[in-house]
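S.K.: just to be clear, the model below is a prediction. Sequence and coordinates:
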Amino acid sequence: MDTSAIRIENPYIAGLTLEVGFDNANPREAFEVQVRGDGTCVVHQFIEPEAAEGYAFHLHLALENAGREPVTVPLQIHWAEREYDFCYDYMYVGYDSGRDWKMLSTRSEKAITQLQLVLPRGRHLLCCHPKFDTGDYLAMLEQYGGAPGFKRVDVAKTPEGRPVACLRLGNPKGRKTVITTRAHGYETAGAYCLAGWLKYISKHATKRTSPLDALDLYVFPMVNPDAVAAGHCCTAPSGVNFGRELASRADEDSGAEGLTEFIHGLKPAFYVDMHNNTGPHLVDAFRSTDERILEAFAKKAPDRSRDQKAWAFQKVQFPEGYMLTECERRYGTLPLLTEFPWYTRLPGDMMAHGSQFLRALLPLLAEWRYV
Ligand SMILES: [Zn+2]
């Protein structure tokens, strides 16, 4: 058990304990959970003070049933903002500490979700999206860091001492391609996408065939681990928003500083920044400043309709402050940004999606002649 976990007994439901405050947990503190006389667990979502207003999409608590029989737990979740009831119409239960995930249909009214959770014996998680915490990140670096064809590269240490590291693979003489996920603490979709693709590519990583023969890949599974550990939705504990301010405020966070220096050193040809979508449940967004890559990818994009998703190919101008913008201006980097929603998807679906997405995209980059 995580030693930072705070356990809260529910005296009205025999054997039931709630846990907050552990790595990636949200809420963080005992006072954010109250137990009412009828056994209802009232949970107050925590939102970091620096987060953009109305932006509160992370929840991750554990419930343990020490009894032999399942119990029914009444829960009342108070969200930290009032704008986004429509974003809370589904949640995930991670049975056995997250080894087996199921999606729940839920409902939020005026920023409060009431639900009854049937809880078998054991320790289980309740999350907005399937969790991917710093332990999962370190395990991923461990698994692939020493695998044939891969090299782990540590580029920075965060203010709290965590590594910002990537997995390098492909042809060292190929065109430099950066893939980042988890600028924002709650957005676990990108990590599961990479988990799926890494599983696939690890079988081929030592072969010098397309697209790995043409690309020198730097894959970052979690650029902002302090935000993830702190259970933040958006910003690092330093206050820096790794999505919007990586280029403009990197000097305020050692992780951001080392990361941006490393990327500047690469002068990448391609930069793919992977995010979650939480509002539009039915849209997989693929964005670039370059219409040609949008058109080319539209012809190759895997059909996602059985995940209840349609692709949106969006020509955008990324704002100032984004590393994508900075790299495009300085090095002519082709900037790409994805936003994939969880809704209907279980971790296996997201892994399959990520693997198919990168297997469609990377061959296009390997042949790309415009940069
Ligand atoms: Zn994001």
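M.R.: Cool, got the structure. Residues are numbered from 1 along each chain as shown.
S.K.: give the contact list for the closest residue to the ion within the stretch 51-200 of the chain.
M.R.: Closest residue of the stretch 51-200 of the chain to the ion, CB to the ion: His184 (3.7 Å). (Glycine included, C-beta is placed from N, CA and C.) Neighbouring residues of His184 by CB atoms under 8 Å, 6 or more residues apart in numbering: 224, 227, 233-234, 241-243, 275-276.
S.K.: go on, Thr113?
M.R.: 75-77, 79, 88, 91, 106-107.
S.K.: related to what we said a few turns ago, determine which two of the contacts of His184 are furthest apart.
M.R.: By the measure CB to CB, Asn241 and Asn276 form the most distant pair in these, at 14.7 Å.
S.K.: may I have the beta-bridge partners of the closest residue to Asp100 other than its chain neighbours?
M.R.: Once flanking residues are discounted, Asp100 sits nearest to Gly94: 7.2 Å by CB to CB, 6 or more residues apart in numbering. With DSSP bridges as the criterion, Gly94 is bridged to Trp101, Leu125.
S.K.: domain assignment for this protein?
M.R.: 6-127, 134-367 (automatic domain parsing).
S.K.: out of those domains, deepest packed?
M.R.: Greatest average neighbour count among the domains of the chain goes to domain 134-367 (a mean of 20), per mean count of other CB atoms under 10 Å.
S.K.: quick one: mean pLDDT over that domain.
M.R.: For domain 134-367, mean pLDDT is 97.
S.K.: and what of stretch 105-113?
M.R.: Stretch 105-113 carries an average pLDDT of 96.
S.K.: contact residues of this structure facing the ion?
M.R.: Counting by CB under 5 Å from the ion, the positions of the chain adjacent to the ion are 184, 187, 243, 275.
S.K.: wait, what's in contact with the most centrally placed residue in the chain?
M.R.: In the chain, the C-alpha closest to the average C-alpha coordinate belongs to Thr188, at a distance of 2.1 Å (CA atoms, centre = their mean). By CB under 8 Å, 6+ apart, Thr188 lies in contact with 129-132, 182, 276, 342.
S.K.: phi and psi next, for it.
M.R.: The phi and psi values for Thr188, taken as degrees, to the nearest 10, are phi -90, psi -10.
S.K.: and what of Pro280?
M.R.: Backbone torsions for Pro280, taken as degrees, to the nearest 10, come to phi -70, psi 100.
S.K.: Cys87 versus that one, what's the distance?
M.R.: Look at Pro280 and Cys87: by CB to CB, to the nearest Å, they are 10 Å apart.
S.K.: same thing with Pro268?
M.R.: From Pro268 to Cys87 the distance is 32 Å (CB to CB).
S.K.: which stretch of helix or strand covers the closest residue to the ion within the stretch 201-350 of the chain?
M.R.: The minimum distance from the stretch 201-350 of the chain to the ion, using CB to the ion, falls at His275 (3.5 Å). If you go by DSSP states H and E, His275 is part of strand 270-277.
S.K.: alpha carbons of the helix or strand following that strand, as CSV, please.
M.R.: Using DSSP H and E, the next helix or strand after strand 270-277 towards the C-terminus is strand 283-288. Provided in CSV are the C-alpha atoms of strand 283-288 (Å, rounded to 0.1, in the frame of the first residue of the first chain):
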residue,chain,number,x,y,z
VAL,A,283,-14.9,13.0,-31.6
ASP,A,284,-11.2,11.9,-32.0
ALA,A,285,-9.5,15.2,-32.9
PHE,A,286,-6.4,15.4,-35.0
ARG,A,287,-5.0,18.9,-35.4
SER,A,288,-2.2,20.6,-37.3
